[in-house]
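Student: For reference, the sequence and a predicted model appear below.
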There are 2 protein chains.
Amino acid sequence: MIDQIRRYVPILDWGRRYDRKAFSNDMVAAVIVTIMLIPQSLAYALLAGLPPEAGIYASIVPIILYAVFGTSRALAVGPVAVVSLLTASAIGQVAEQGTAGYAVAALTLAFLSGSFLMLMGVLRLGFLANFLSHPVIAGFITASGILIATSQLKHIFGVSAQGHTFPEMLISLVGHLGEANWITLAIGGSAVGFLFWVRKFLRPTLRRFGVPPTLADILTKAGPVVAVIATTVAVWGLGLADKGVKIVGEVPQSLPPLTLPGLSPKLLSTLLVPAILISIIGFVESVSVAQTLAAKKRQRIDPDQELIGLGAANLGAAFTGGYPVTGGFARSVVNFDAGAETPAAGAFTAVGLTIAAVALTPLVYFLPNATLAATIIVAVLSLIDFDILKRTWAYSRTDFIAVATTVLLTLGLGVEVGVASGVAVSVLLHLYKTSKPHVAEVGLVPGTQHFRNICRHKVETDPTLVTLRVDESLYFVNARFLEDLIQKRVTEGCAIRNVVLMFSAVNEVDYSALESLEAINHRLKDMGVGLHLSEVKGPVMDRLRRSKLLDDLNGEIFLSQYDAWSRLKRSPVLSVVH
Amino acid sequence: MIDQIRRYVPILDWGRRYDRKAFSNDMVAAVIVTIMLIPQSLAYALLAGLPPEAGIYASIVPIILYAVFGTSRALAVGPVAVVSLLTASAIGQVAEQGTAGYAVAALTLAFLSGSFLMLMGVLRLGFLANFLSHPVIAGFITASGILIATSQLKHIFGVSAQGHTFPEMLISLVGHLGEANWITLAIGGSAVGFLFWVRKFLRPTLRRFGVPPTLADILTKAGPVVAVIATTVAVWGLGLADKGVKIVGEVPQSLPPLTLPGLSPKLLSTLLVPAILISIIGFVESVSVAQTLAAKKRQRIDPDQELIGLGAANLGAAFTGGYPVTGGFARSVVNFDAGAETPAAGAFTAVGLTIAAVALTPLVYFLPNATLAATIIVAVLSLIDFDILKRTWAYSRTDFIAVATTVLLTLGLGVEVGVASGVAVSVLLHLYKTSKPHVAEVGLVPGTQHFRNICRHKVETDPTLVTLRVDESLYFVNARFLEDLIQKRVTEGCAIRNVVLMFSAVNEVDYSALESLEAINHRLKDMGVGLHLSEVKGPVMDRLRRSKLLDDLNGEIFLSQYDAWSRLKRSPVLSVVH
C-alpha cells in the first residue's frame, strides 16, 4: 500500500533523503533558472496569443505539482515554444486573440490536456507516444520552428499579420510590410542580432577571458535578460511607446489567480483533439529530455509516472491562469547544468517566479514586444534541423518520405494536419513493408539436418514437395499475400503433392491469417495437395489448437523440418543454385 | 510487348483457345444465370434506391467489360447487396431518392469507383485491400446484412420508413406501422415464407423425388423467379395495385442508355471517400469469391488484374445507366455450378439481360415491391454470421474486439463509420501487440555454443555482462520500449560493464530504432557501460553501415553470440533457473 502510494507520489521517496547539500545546490540552480525564465515566460505567452502574465502563472503551480508527482530530477516544466504554437493554433479556432473567451479556452485546453495525460498515466498508456516516430517528430519540430519564427516576424516589423500556415503567414506579412514601424524594426533587429551574437560568440569570448565553462554557459543563457533590460530602458528613456512601439504594458501584480476552465460541451468537443495532440507531443518532448538528463547520472525515469506528473502540472495550469505546459529542453538543461539535484529546485524556481509576479511586473511595462519576439526567434532557430532529411534519405527511403510529408504538410496545412499526416504515413509505410514478408523456398543441405534457401545454396529438393520458410509473423496485412504466393507456386508445378510451411520465424498467427491458412488448406485439398506445418512455436501452436485448422488439416504437424522432409520426400534431387 | 498487352487484356489469351464445347457449356450457364439475375437486379436497384432498370443496365455492359479484362473464369459481375446498401448510404447524402440528381450521383459513384480501381490496378496496389482484416470484413458483412434486411421491412409493410443506422430504421419503422397496408403485408409475408421454404426444404424434397443434385440446386435458385411470377399475376389478376400495393410500374423498354456521370467538383469531392470504400469492399468480396472458385479448378486469378477488370466494369456502369458493381457471391457460384468455362458465359448472360431489358420489362409492371424486398431479405440472411464473434473470442481477444467494434459501429453509426473504425481498431491493436516485443535475457548452455533464456534454462551468466535477445524487428512503435528496458536493466545491476544485443531475429531497424540505438549507446557510454551487437543479419548490417552508429559504438559487432561471450565474460557463474 505504502509502495503503491510512493509509486504515484515520488516526492515521498526522495523527500525523506533531502539534506542541506542538496538544498544549497537546488537553490543555486533555482536562482539561475528563474532569471532565465522571466523573459522566456513572457515571450511564450506572446507566442500563444495570451497576456504576458499567463506565461508566468503557467510556470509557478505546474512546476510545484510536477515536483510532487514527476520522476525526473532535473526536468523544468512550463510553457515551451512548440506547445505555445499548438495552443495558439487550437484556440484560434474558437475565439479571437485578446478576448476573455480566448484566455478561458486556453485554460480548457490545459484542463483537457491534463486530464488526458492523467488518464493515460493511470491506464499506463505511455506507449501510445511511440506512434510518433522519430522522423515524424524531427520533421514536425523543424517545421514548427519555421512557423514560430515566421509568426514572430510581425512583432519585429511592428505590423499585424495573421495566418496559421507558412504561405498564409508570409503573404499576410508581405501585404502589411507597408505599415512597418521603423523604430520597432530597429529594436527587434538589434535584439535579434545581439542574441545571435551571444549565442554564437559570447561563450568562446568569456572562456578566453578565463571564465569557467559552467559560468560562461549560464551567462550565455542570460543573454535574453540583458536584451530585455536594455530595450526596456531604451523605450522608457526615449519615450518610444508614444512613437508606435508596441510594449507589454500593464501586467497585474498578483499571485497566480484561481481560475476555472470553460466546460461547455461545444468548447470541450472542439478542443479535445488538439488537446490530445498537445498532450502527446508535449509528453514525447518531455520524456526525451528527461531520459537524456537522467542517463547522465545513471538514474531512471518512469514514463507512465511522467504522464501523471505532466497531467498534474497541466491541471494546475488550468486552475491558476496558465495554459498547456510541458518539460522544456532549454530550461531543463540549464537547471541540470546549474546543479539541480532534486525536483525541489523546481519548487524554488516557482517561489522565485512568484516573487517576480508579485513584485517585478511593473518593471516590464515598457518592455517592447519586438524584444520578446527576438528571443523566441533566436531560441527556435536551434529547433530547425533540415539535416534530418539528408540523414533519413541516406538511411531509409520510407523514413525519408515520413519526414518530408510531415515537414511539407505542417508548413503548408498547419501543425495539426502535419503531425496527423506524419503519423498516418509512417503507420501506412510500416504496414506496407510487412505486407510482403520474406518467404524463402528451402531445401536440405546435403549431409546435415539444416534447410537453406534454394536460391542461395546447393541443397536437396524434391519436385513433389515444396517447403516455404515464412520470415514474418502472419497477420491480416500479409495473410492474403501468403494465399497468393502458395496458389501461384502450386499451380506452376504440376508434380507437387505436398506443401510444408516452416514456421520457425512466425511469432503470431492472427485470426485473419488463421482463415487464410484454412483457405490455403481447403484449396490445396481441392487440388489434391497436402498441407503440412513444421517447427511451429509453442504459443502459436497453443492458439492453433483452439481453432479447427488442425482437425481439418490435409496433412501433419512436424516438430522439425527434417522430420517433415524424411516423411514426405519421394524422389529427392540435388538442385543447382539458380 | 504482346505479353504486356496480353497481361492487361486476358481475353486475348483464353479467346484463342475457345471451342465449341466451351461455347455450349457457357451458353447453358448463361441461360440459368440470366433467369436468376432478372429479379435480383430489380431487387438490388430497389435496395440502392434507384429505378429498377438501373439494376438490369448495371448487369449488361459491366459483365462484358469484365469478360474482356478480368482473370476469373467464373466470376459474375453486377449489382450486389452490400454494395447496393453502400450506394444508397453514400448517395443519400447528396440527393433525394427518386430525383434525377440521385441517379446521376449513382453514375458518379460508379465512375469514381471505376477510376479508383483502375488506378489501384495500374499502380499494382491490390495489397491495400489487405488492411481490411478478415474479422472486420466478417463483422461488416454481418452488420450490413442486418441493416439491409431491416431496410427492406418497410416494403413488406408497405410504409415509408427511413434511416441509415439500425436504431434509426427501427424507430422510423415502428412509428409508421400504423399506416401498414395489409394486402402488401400478406404478399410480402407469404413471399418471405415461400422463399425461406425453398431455401431450406426444396432441395431435399427434389432429391427425394430423384432429381439430380445440380438440377435441384438450380431449381432452388429459381425460387425468386417463381415468387415474382406468382405475385405479379396475383396483383394483375386481382387488381391489387388499386388497393395500395406498391408495384414496380413502368420500366422503359430500351438498350442500356448512354449516360454521363455528374462531374461537378462538389459532387466528386463528397463522393470520393464513399467511392474508395465501395471499391475496396467490392474488390475484397470479389477476389475472395474468384479465388475460391479458381482453386477448385487449380486455376489462378491475378488480384492486380482483377482491379483493372472491376475498374472497367464500374466505368462501364457509369456510362450506361448503372451504378457500382462487383463480383457477387451468389451469382458467381450459380455460374460456376452451371458449368461456365470462360468469361464468355458472362457475355452471353449480358445478351440474355439485354433481351430482357428490351422485350420483357412490360411483364414486371405489376410486380409488387414487397416481393423484391422478400427476395432481398431471404438472400441477405445468409450473410449474417454471429458465429464469428464466438470463433474470434475463442481464438484471440484482439480479433474479437475488432469484430465487435465493427458490428456495433456499423449498426449504430452506419456502414462508413463502421468499416473505417474496424480498420482503425485492427491496425491499432496490431501496433499495440508489436509495441512490446519479446526480449529475453540469455546465457550460455554449458558445454555448447548455444544461448538460451536465463528464466527457462540452466545457463552460464556473468554479472558484468547482460545479453538481450530481441525477438522482433525494431521500428518506431517499439524503439522506445527497448530504450526503457535497457535503462531499467542497467540501473538495476551496478556491476554491469557490458550489454550485448543479440539481433538474430531482427529483420529490420528503421530510422527511429536507429536513433534509439544511438541514444542507448550514448547513455550507456555516460554510465561507463559498453554496448555490443551480435548476429546482425546481412541486410540490417548493410543499412547500419550507412549510419554513424557503428562509428560511435562504445563496443563491437560480433559475428556470433559465442564470440561476444568469449571476449567479454569476466567471472562467469552458473545461474539457477528463477
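Tutor: Thanks, I have the structure now. Residues are numbered from 1 along each chain as shown, chains lettered A, B, ... in the order given.
Student: which residues touch the spatially most central residue of chain A?
Tutor: Nearest to the mean C-alpha position of chain A, by CA atoms, centre = their mean, lies residue A:284 at 3.5 Å. Going by CB atoms under 8 Å, 6 or more residues apart in numbering or on different chains, residue A:284 touches A:129, A:132, A:137. (Each C-beta comes from the backbone N, C-alpha and C, glycine too.)
Student: could those go into CSV alongside secondary structure and pLDDT?
Tutor: As requested, the contacts of residue A:284 are arranged in CSV below (DSSP: H, G, I helix; E, B strand; the rest coil; pLDDT from 0 to 100):
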residue, secondary structure, pLDDT
A:129, helix, 75
A:132, coil, 80
A:137, helix, 84
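Student: Can you tell me which of those lies closest to residue B:518?
Tutor: Nearest to residue B:518 among the contacts of residue A:284: residue A:137, at 14.5 Å, using CB to CB.
Student: which residues touch that closest one?
Tutor: A:281, A:284.
Student: and the worst-scoring helix or strand of chain A on mean pLDDT, how far from the chain's centre?
Tutor: The least trusted helix or strand in chain A, going by mean pLDDT, DSSP states H and E, turns out to be helix A:2-8, with a mean of 70. The chain centroid and the centroid of helix A:2-8 are separated by 28 Å under CA atoms, centre = their mean, to the nearest Å.
Student: by contact count, what packs against it?
Tutor: helix A:11-14, helix A:303-319 (3 or more CB pairs under 8 Å, 6 or more residues apart in numbering or on different chains; DSSP states H and E).
Student: in which helix or strand would I find the residue nearest to the centre of chain A?
Tutor: helix A:265-296 (DSSP states H and E).
Student: Measure how that helix sits relative to helix A:303-319, angle-wise.
Tutor: 130 degrees (axes from the mean of the first three to the mean of the last three CA atoms, to 10 degrees).
Student: mind listing what's buried in helix A:265-296?
Tutor: A:267, A:270-271, A:274-295 (16 or more other CB atoms under 10 Å in any protein chain shown).
Student: how close does residue A:115 get to residue A:301?
Tutor: Distance, residue A:115 to residue A:301, using CB to CB, to the nearest Å: 22 Å.
Student: List the contacts of the residue of the stretch 201-350 of chain A found nearest chain B.
Tutor: Proximity of the stretch 201-350 of chain A to chain B (CB to the nearest CB) peaks at residue A:295, 3.4 Å away. By CB under 8 Å, 6+ apart, residue A:295 lies in contact with B:487, B:522, B:523, B:526, B:527.
Student: Tell me, how many residues neighbour residue A:574?
Tutor: Neighbours of residue A:574 under the rule other CB atoms under 10 Å in any protein chain shown: 11.
Student: same question, residue A:244
Tutor: Residue A:244 has 12 neighbours, counted by other CB under 10 Å.
Student: residues of stretch A:96-105 that come out buried?
Tutor: Here stretch A:96-105 shows A:102, A:103, A:104, A:105 as buried, counting by 16+ other CB under 10 Å.
Student: got a list of what the second one touches?
Tutor: Looking back up the chat, that one is residue A:103. Counted by CB under 8 Å, 6+ apart, residue A:103 has contacts A:50, A:51, A:54, A:321.
Student: Okay, and it sits in which element?
Tutor: Here residue A:103 is assigned to helix A:100-122, by DSSP H and E.
Student: now that helix against helix A:303-319, angle please.
Tutor: 160 degrees.
Student: What's the separation between the residue nearest to residue A:357 when sequence neighbours are not counted and residue A:109?
Tutor: Nearest non-adjacent residue to residue A:357, counting by CB to CB, 6 or more residues apart in numbering or on different chains: residue A:56, 5.0 Å away. Residue A:56 sits 18 Å away from residue A:109 when distances are taken as CB to CB.
Student: The two: which has the busier surroundings?
Tutor: residue A:109 (31 against 27).
Student: my read: the more buried one touches residue A:90, true?
Tutor: Yes: using CB atoms under 8 Å, residue A:109 is in contact with residue A:90, at 5.9 Å.
Student: Redo the buried residues of stretch A:96-105 as TSV? Include pLDDT.
Tutor: TSV is the format used below for those (pLDDT from 0 to 100):
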residue	pLDDT
A:102	92
A:103	91
A:104	92
A:105	94
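Student: show me where chain A has strands.
Tutor: A:77-78, A:326-327, A:439-444, A:451-453, A:460-461, A:465-470, A:498-502, A:530-534, A:557-558, A:573-574 (DSSP state E).
Student: Out of those strands, flag the one nearest residue B:79.
Tutor: The nearest among the strands of chain A, by CB to CB, is strand A:530-534 at 36.2 Å.
Student: and the stretch 151-300 of chain A, which residues reach chain B?
Tutor: A:291, A:292, A:294, A:295, A:296, A:298, A:299, A:300 (CB under 8 Å from any CB of the partner chain).
Student: Give me the lowest-pLDDT entry from those residues.
Tutor: For those, the weakest pLDDT value sits at residue A:298, with 68.
Student: Now residue A:321. Nearest residue, chain neighbours left out?
Tutor: Excluding its sequence neighbours, the residue lying closest to residue A:321 (CB to CB, 6+ apart) is residue A:57, at 4.2 Å.
Student: show me the contacts for the one you found.
Tutor: A:256, A:257, A:317, A:320, A:321, A:322, A:357.
Student: Scan those residues and report the most crowded one.
Tutor: That'd be residue A:317 among those, by other CB under 10 Å, with 35 neighbours.
Student: so how many other residues sit close to the nearest residue to that one once chain neighbours are set aside?
Tutor: The shortest distance from residue A:317 to any non-neighbouring residue, by CB to CB, 6+ apart, is to residue A:110 (4.3 Å). By the measure other CB under 10 Å, the count of residues near residue A:110 is 31.
Student: again with residue A:263
Tutor: Counted with other CB under 10 Å, residue A:263 comes out at 12.
Student: in terms of contact, does it touch residue A:104 like I think?
Tutor: No: contact criterion CB under 8 Å: residue A:263 and residue A:104 do not qualify, at 9.7 Å.
Student: And the residue of the stretch 201-350 of chain A closest to chain B, how far from residue A:134?
Tutor: 17 Å.
Student: What's the separation between the nearest residue to residue A:423 once chain neighbours are set aside and residue A:125?
Tutor: Spatial nearest neighbour of residue A:423, excluding adjacent residues (CB to CB, 6+ apart): residue A:131 at 5.6 Å. Separation of residue A:131 from residue A:125 (CB to CB): 11 Å.
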